[in-house]
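Chemist: can't give you the sequence, but here's the structure:
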C-alpha cells in the first residue's frame with residue numbers, strides 16, 4: 001500500500017485533528033484514514049451546465065456535457081468553431097502572428113510527413 005504524507009500542516013489544524021480523533025476514539029492515523037475514506041467514497045458532484053440560448057451561427061456554442069469519464073467526472077464540450085472562425089478569432093486577439101525566420105507549424109508537419 002502506498003504511503004501519503006502531508007507537509008506543513010498548521011499546528012492548529014493538527015491539534016484539531018488530534019482532538020477529533022480522541023472524540024471518535026481513534027488514533028490520529030485512524031481518523032485521517034476515516035476522513036480520506038469518506039472523501040473517496042463521496043460521489044463527485046454532478047457538473048451541470050444550464051441550457052443557454054442558441055449561439056449565433058458564427059460564434060461558439062455554450063459548454064455542454066457530452067459524457068462522463070470512468071471516474072465520473074464530466075466530459076465538457078466547450079464549443080466549436082470552423083478553422084476559418086478559429087483563425088479569424090486568433091487574428092482578432094493578436095495571437096496569429098508569424099515570427100520572421102521561423103517555419104510555420106504546417107510547414108514542419110508537411111516536411112515530417114513527406115520525409116517518410
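Modeler: Nice, I can see it. Computed from a prediction, not measured in an experiment: that's the story for all the values here.
Chemist: And the helices in this protein, which stretches?
Modeler: Along the chain, the stretches classed as helices by DSSP state H are 11-23, 28-41, 83-92, 105-114.
Chemist: can you tell me which of the ones you listed comes nearest to residue 64?
Modeler: Residue 64 lies closest, by CB to CB, to one member of these: helix 83-92, at 18.3 Å. Just so you know, the C-beta spots here come from the backbone N, C-alpha and C atoms, and that holds for glycine as well.
Chemist: centre of the chain versus the closest one, how much separation?
Modeler: In terms of CA atoms, centre = their mean, to the nearest Å, the centre of helix 83-92 is set 25 Å apart from its chain centre.
Chemist: among the helices of the chain, which is nearest residue 63?
Modeler: Nearest of the helices of the chain to residue 63, taken as CB to CB: helix 83-92 at 16.6 Å.
Chemist: still on that earlier bit, export the helices of the chain to JSON lines and append columns for mean pLDDT and distance to residue 3.
Modeler: Shown next, in JSON lines, are those (pLDDT from 0 to 100; distance: least, CB to CB, whole Å):
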{"stretch": "helix 11-23", "mean pLDDT": "94", "distance to residue 3": "18"}
{"stretch": "helix 28-41", "mean pLDDT": "90", "distance to residue 3": "11"}
{"stretch": "helix 83-92", "mean pLDDT": "80", "distance to residue 3": "46"}
{"stretch": "helix 105-114", "mean pLDDT": "89", "distance to residue 3": "44"}
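Chemist: Appreciated, that's everything.
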